[in-house]
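**Q** Here's my sequence, what's the structure:
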Amino acid sequence: MTPKRTAGSPASPALPRRTLLTAVAAAGCAAALASSPVHAAVPAVDPVRRQMRGLWIASVVNIDWPSRTGLDAATQRAEFVRLADEALAWGFNALFVQIRPTADAFWPSPLEPWSQWLTGTQGRDPGYDPLGFMVETAHERGLAFHAWFNPYRVSMQPDPSALVPEHPARVHPEWCVSYGGKLYYDPGVPAARRFCQEAMLDAVRRYDIDGVHFDDYFYPYPVAGSDFPDEETFRTYGAGHADKAAWRRHNVDLMVREMRDAVRAVRPDALFGISPFGVWRNATTDPRGSRTAAFQSYDGLHADTRGWVERGWLDYVAPQVYWHIGLPVADYAVLAPWWAEAVRGTDTELWIGQAVYKSGAAGQPAPWQDGKELTRHLTLNATLPDIGGDLFFSAKDVRADRVGDFAAMRTSHWHRPVLGPLPTRLEEGPLPRRPAVEVRRDAHTGTASLHISAGAPGRKDVPFRYAVYRFPRDPGRRPEAEYASLVAVIPGGKQAVHYDADASGDCWYAVSAIDRVQRQGRLSHPAR
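**A** Residues are numbered from 1 along each chain as shown. Below is the predicted model:
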């Protein structure tokens, strides 16, 4: 994933399916989409109860965190705490944090060196466990933590001797190739693939993560006039594959399927998903492709993303649809419906990767300058029930929000709280216990404070989040968790307090507990 990709250049970058927004928001988008041949009219839609609202936090070349190399441990921790607090305030419910950007580690890995993006020196101990700290920080705030790995990239420079002497790529030079000014593990070498899997699984085993996330880097983006140097690898391992391109796709298929199986074996409740380049294939190449004229990940990266969805290998797919509505070669209004159709009838969640980094950026075309493009995207999404949320690249650009694009989108589309996504395969399971709630009111301000207790003392199944419901009148002893009554989703814990300044004096409250998987328990007995 990189903030420099364009559609035409490879060097540039639950509930069952649901709708996203209110009918009012969707209806307001009709004019914005009028120029698109795909959506001449925008139908009314129902409000959403569950939605992914995810934030990418990139560590490679210090894009987001740490802000630069060499910061001491206390400063690094303080920066991440600020990011997590901001993410919660901005309305996100999940963080996707890059913890293995260049065959290195943001945790004390026995297999790979400490990342240079922490201290500035590969292999140097930062003095604490960044991954352990980040997972704990996110979970304290009710934010899901998805560990973002880059499977094959070894280094942002091409010289193996620049790696620490004990780096696996130096110990096993037969695994590694130089291409396009970078170093990569060769996906066609079985031992290299198995090593990469084991290096990533070390973190999955040791840390209480909520998901394993790959981005779009499999075979690297092609360099003009230069083929990836794997002819010898093909001769050695390509028996039975007359077509090198098909063999390369087979290699990537093995990485994806085997990693999916391993993650589910190690941590069954963790999600496994991929954020691919936004175009699978063009319809001019394959009739099942999209009506685009862009770089094709199936052919250029040897990543059969649509095939992975169809075979059920992914819990979710989050295509990087990083283009504006109306772009001729890769129109967002063409690609969002195409991906919605691709997941329809499957158990794969669809979340759209959004290019907030383009908003207000110099050199970007007019649609990215008016502060309304992200709003247009999510309003279009609202008409497509198969889209279950969005991921935003990346944290520093959300913070900058140069033309108010993200803020406008929040106002239009995130003004109501939601529960997190619950993939179909995880719907069945034990529900969290019903909490207890006591309501106290400030006699002067009228503010209601809800004091929530998880239940029996000493229980280990402490709620991850609480959903707070407000009713204008007594809802009875067994109230329903109706979305219209949901007023807040807050971090969990054995005890929690929620302040509701908007409450009228005679309203009633009930609270439900939500576990890490996002299963929701029964509502508490109502209180006023």
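**Q** okay, CA-based contacts and neighbour counts for the rest of this
**A** Will do.
**Q** Next, count neighbours for the spatially closest residue to R344 that is not a sequence neighbour.
**A** Closest residue to R344 apart from its sequence neighbours, by Cα to Cα, 6 or more residues apart in numbering: D386 at 6.4 Å. A total of 27 residues lie near D386 under the criterion other Cα atoms under 10 Å.
**Q** Let the chain start at 13 from now.
**A** Sounds good: first residue 13 from here, last item D398.
**Q** from memory D398 sits against A352, does it?
**A** Yes. At 5.2 Å, D398 and A352 qualify as touching, with contact defined as Cα atoms under 8 Å.
**Q** Please enumerate the shared neighbours of those two.
**A** Among the neighbours of D398, those also in contact with A352 (Cα atoms under 8 Å, 6 or more residues apart in numbering) are L362.
**Q** Next secondary structure element downstream of whatever helix or strand D402 lives in?
**A** With secondary structure defined by DSSP states H and E, D402 is part of strand 399-404. Sequence-wise, the next helix or strand downstream of strand 399-404 (DSSP H and E) is helix 407-412.
**Q** buried stuff in the following helix or strand past that following helix?
**A** Following helix 407-412 in sequence order, the next helix or strand is helix 417-425 (DSSP H and E). Neighbour counts using 16 or more other Cα atoms under 10 Å place 417-422, 424-425 of helix 417-425 among the buried residues.
**Q** average model confidence for helix 417-425?
**A** In this model, helix 417-425 has a mean pLDDT of 98.
**Q** The very next helix or strand once past it - what's its average pLDDT?
**A** Using DSSP H and E, the helix or strand that directly follows helix 417-425 along the chain is strand 448-453. The predicted model assigns strand 448-453 a mean pLDDT of 94.
**Q** what does stretch 100-110 give?
**A** Averaging pLDDT residue by residue across stretch 100-110 gives 98.
**Q** Tell me the buried residues in it?
**A** Burial within stretch 100-110, assessed by neighbour count using 16+ other Cα under 10 Å, is assigned to 100, 102-110.
**Q** swap in stretch 72-90?
**A** For stretch 72-90, by 16+ other Cα under 10 Å, it's 72-73, 75-83, 85, 88-89.
**Q** Next: stretch 162-182.
**A** For stretch 162-182, the buried set under the neighbour-count rule, 16+ other Cα under 10 Å, comprises 162-167, 170, 172, 175, 179-182.
**Q** Closest one of these to P447?
**A** Nearest to P447 among the buried residues of stretch 162-182 is N162, at 40.0 Å by Cα to Cα.
**Q** now, which of the buried residues of stretch 72-90 lie within helices?
**A** When the buried residues of stretch 72-90 are checked against helices using DSSP state H, the ones located there are 85, 88-89.
**Q** Any chance of the residues you listed in JSON lines with pLDDT and distance to M267 as columns?
**A** Conversion of those to JSON lines gives the following (pLDDT from 0 to 100; distance: Cα to Cα, whole Å):
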{"residue": "A85", "pLDDT": "98", "distance to M267": "34"}
{"residue": "Q88", "pLDDT": "98", "distance to M267": "32"}
{"residue": "R89", "pLDDT": "98", "distance to M267": "33"}
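**Q** A515 is in contact with T459, correct?
**A** Yes. In this structure, T459 sits in contact with A515. The criterion is Cα under 8 Å, and the distance is 6.7 Å.
**Q** follow-up on the earlier one: can the buried residues of stretch 72-90 go into CSV with extra columns for distance to R482?
**A** Putting the buried residues of stretch 72-90 into CSV (distance: Cα to Cα, whole Å) gives the following:
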residue, distance to R482
V72, 44
V73, 46
I75, 41
D76, 38
W77, 38
P78, 40
S79, 41
R80, 45
T81, 47
G82, 48
L83, 45
A85, 42
Q88, 39
R89, 36
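**Q** Out of those, flag the one nearest to Q376.
**A** I75 (19.3 Å).
**Q** For that closest one, give its distance to A539.
**A** 47 Å (Cα to Cα, to the nearest Å).
**Q** same check, this time on P163
**A** Applying Cα to Cα, the value for P163 to A539 is 51 Å.
**Q** Check I464 too.
**A** Summarising the geometry, the distance separating I464 from A539, computed by Cα to Cα, is 11 Å.
**Q** Give me the common contacts of those two.
**A** Contact with both I464 and A539 is made by residues 449-450, according to Cα under 8 Å, 6+ apart.
**Q** so where is the protein shaky, pLDDT-wise?
**A** Where the chain drops to pLDDT under 70, the residues are 13-58, 468-472, 516.
**Q** where along it do the helices fall?
**A** Secondary structure of the chain by DSSP H: the helices cover 35-39, 85-102, 128-131, 142-152, 180-183, 202-218, 243-249, 256-278, 309-312, 317-322, 344-355, 385-393, 407-412, 417-425.
**Q** wait, which of those is closest to L535?
**A** Across these, the minimum distance to L535, taken as Cα to Cα, is reached by helix 142-152, at 22.1 Å.
**Q** So which other helices or strands are in contact with that closest one?
**A** With contacts defined as 3 or more Cα pairs under 8 Å, 6 or more residues apart in numbering; DSSP states H and E, helix 142-152 has these neighbours: helix 85-102, strand 156-161.
**Q** by how many degrees do the strand holding D402 and helix 385-393 diverge?
**A** 160 degrees (axes from the mean of the first three to the mean of the last three Cα atoms, to 10 degrees).
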